[in-house]
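Q: here is my input; please provide its structure:
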Amino acid sequence: MACNVMCRGVVLLAILTLTNPVSADPDLLQDICVADLITSAVKVNGFPCKSNVTAEDFFFDGLAKPGATNNSAGSGVTGANVQKIPGLNTLGVSLARIDYTGGGLNPPHTHPRATEIVFVLEGELDVGFITTANVLISKSIKKGEVFVFPKGLVHFQKNNGKKPAAVIAAFNSQLQGTQSIAATLFAATPPVPDDVLTKAFQIGTKEVDKIKTKFAPKKD
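A: Next up is the predicted model:
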C-alpha cells in the first residue's frame, strides 16, 4: 500500500514537471547529453557530455529508503539530481526525498533555479512560502496531498506530528540549487562581516557570535 502511494506520487510529480511548458533550464539541443562529472576539465553552464553512455546513467535507487535525520533540524534531503543521475543533464527535471523526525524542520531556504512541488508520502506537515511583499502563504498538508513553492521564494516544511514524515519533491531544473537562509548568513566562507549582521538583525556582536557557533563545522 505504501509503495502504491509513493508510486502514484512520483508519477503525479513527474507528469506535472514534464508537462510544464516553462522550464527553468535551457532547452536541450540533442536527444541526450549525459553529464561527464569526473573526467572533463571543461566548465560550462551545466555539464559537458560524455560519449560512453549506459543505462546506469539514467538510474538511481536512493529515494527508496529514508534519509538520515539525526541532526539539529531533524530533517534530511536525498537529492536525485544531475549530480546523482548524469542522464538528467539538459533535461530540466529532478527529484528529492525529504524525511523528517517528529517535529523535524526543513529550515527556511530558497531554490534560485527552480519551482518545487511536494507530494506527502507519510505524516502531516505545516508548509509555507513568503512572497516578496512579505506575505506568508501557508497550509497544513497530509499524506497524498501536494503543495507548490514558487521559484526563488523563501519556504519551509515542518513535521507537525510526533511520528516521522516524508515527501517527494520535484523541480523543473536538473540542479535547483539550495540556499538555507540561516546557514547562508551565519556560516558563509569567508564570513559575512559582523557589522552587516548586527545591523540587519538589530542584535549585538555577542549574539552574532553565538549564532555562528551553532553553524560551525563539527570538530573531530
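
Q: can we go C-alpha only for contacts and neighbour counts from here?
A: Noted.

Q: how near is the one residue sitting closest to the centre of the chain to A41?
A: Taking C-alpha atoms, centre = their mean, the centroid of the chain lies closest to T178, which sits 5.9 Å from it. Distance, T178 to A41, using C-alpha to C-alpha, to the nearest Å: 24 Å.

Q: related to what we said a few turns ago, which pLDDT value does the model give the residue nearest to the centre of the chain?
A: Note on T178: pLDDT of 96.

Q: burial of the nearest residue to it once chain neighbours are set aside, as a residue count?
A: Nearest residue to T178, sequence neighbours excluded (C-alpha to C-alpha, 6 or more residues apart in numbering): H111, at 4.8 Å. H111 is flanked by 22 other residues according to other C-alpha atoms under 10 Å.

Q: residues in contact with H111?
A: When contacts are counted by C-alpha atoms under 8 Å, 6 or more residues apart in numbering, H111 touches K151, G152, L153, Q176, G177, T178, Q179.

Q: lowest-pLDDT helix or strand in this protein?
A: Least confident helix or strand, the chain: helix 2-18 with a mean of 59, by mean pLDDT, DSSP states H and E.

Q: next helix or strand past that one?
A: Toward the C-terminus, helix 2-18 is succeeded by strand 75-80 as the next helix or strand (DSSP states H and E).

Q: model confidence over the helix or strand encompassing K210, on average?
A: Using DSSP H and E, K210 sits within helix 205-215. Across helix 205-215, the average pLDDT comes to 94.

Q: list the buried residues of it.
A: Within helix 205-215, the residues scored as buried using 16 or more other C-alpha atoms under 10 Å are V208, K212.

Q: and if you look at stretch 123-139?
A: For stretch 123-139, burial by neighbour count (16+ other C-alpha under 10 Å) applies to G123, E124, L125, D126, V127, G128, F129, I130.

Q: that older thread, F59: which of the contacts of H111 is nearest?
A: When the contacts of H111 are compared for distance to F59 (C-alpha to C-alpha), Q176 wins out at 18.9 Å.

Q: contacting residues for that closest one?
A: Contacts of Q176 (C-alpha under 8 Å, 6+ apart): S94, H111, P112, R113, A114.

Q: state the pLDDT value of the last one.
A: The one in question is A114. You'll see A114 listed with a pLDDT of 96.

Q: what about it, how many residues nearby?
A: Per other C-alpha under 10 Å, the neighbour tally for A114 reads 27.
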